[in-house]
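In: Starting from these lines, generate the structure:
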Amino acid sequence: MTTFGLNWGATASEIAAVLPCDALAAGACTRADRAISIDAPLATVFAWLCQLRVAPYSYDVLDNFGRRSPRQRTPGLCDLEVGQRFMTLFTLHSFVDAEHITLRMKRVAVTYAVSPQRRGTRLHVRVLFDRPGVIGRIAAAGDVVMMRKQLLTLKSLPERDAARCRS
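Out: Presented below is the predicted three-dimensional model:
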């Protein structure tokens with residue numbers, strides 16, 4: 001499995017961790033781990049992950065048909081059920097409230113995992129691509145650009161909400 005150059009922000013222990021998506025794509029050719037620390041409560045971060053049901057929170061011009069991803073949480077999106085659509089292309093495979101959301105698309109499996117840290121929340125995302133060789137690496141390399149933007153957005157929105165609660 002290729003990982004060189006595909007990781008962003010993930011620690012060695014996060015890279016070594018077993019996540020739910022690993023069981024979905026045991027034969028994946030390419031794996032990417034991305035992570036970010038968020039200065040907001042775990043429940044707030046998880047609620048924003050649930051927002052992925054309606055938008056990708058990345059470069060909206062490219063992956064949301066030019067529509068801006070919502071900047072306020074939509075009521076009811078935290079009511080998760082296996083089989084729900086996420087970001088139009090993915091299906092919810094499994095979840096544990098305030099712990100992880102695992103999604104599946106044809107040859108891609110992804111887990112968004114949250115954990116408490118000393119100050120706030122750690123968000124770790126693993127993406128597994130079941131595409132051989134160069135094709136998998138190209139898909140993963142393009143994805144890292146989009147996911148970096150997604151993670152930065154998923155950091156700023158919960159932090160904004162947490163700051164409002166503190167003031």
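In: For the residue most central in space within the chain, which three-state class applies?
Out: The geometric centre of the chain, computed from its C-alpha atoms, lies nearest to Tyr112 (Cα atoms, centre = their mean), at 4.2 Å. When classified by DSSP: H, G, I helix; E, B strand; the rest coil, Tyr112 comes out as strand.
In: can you pull the contacts of it?
Out: When the contact criterion is Cβ atoms under 8 Å, 6 or more residues apart in numbering, the partners of Tyr112 are Leu49, Leu52, His100, Ile101, Thr102, Leu103, Leu123, His124, Val125. Where you see a C-beta, it was placed from the backbone N, CA and C, and this is true even at glycine.
In: ok, the fifth one - contacts?
Out: Read that as Thr102. When the contact criterion is Cβ under 8 Å, 6+ apart, the partners of Thr102 are Leu19, Pro20, Cys21, Leu24, Leu92, His93, Ser94, Phe95, Ala109, Val110, Thr111, Tyr112.
In: Do I have it right that the third one meets Ala109?
Out: Yes. Taking Cβ atoms under 8 Å as the definition, Cys21 is a contact partner of Ala109 at 4.1 Å.
In: what's the overlap in contacts for these two?
Out: Thr102, Val127, Leu128.
In: hey, what's the last one bridged with?
Out: Okay, so that is Leu128. Per DSSP bridges, the residues bridged to Leu128 are Arg31, Ala109.
In: Report the separation between Val127 and Gly120.
Out: Taking Cβ to Cβ, to the nearest Å as the criterion, Val127 is separated from Gly120 by 23 Å.
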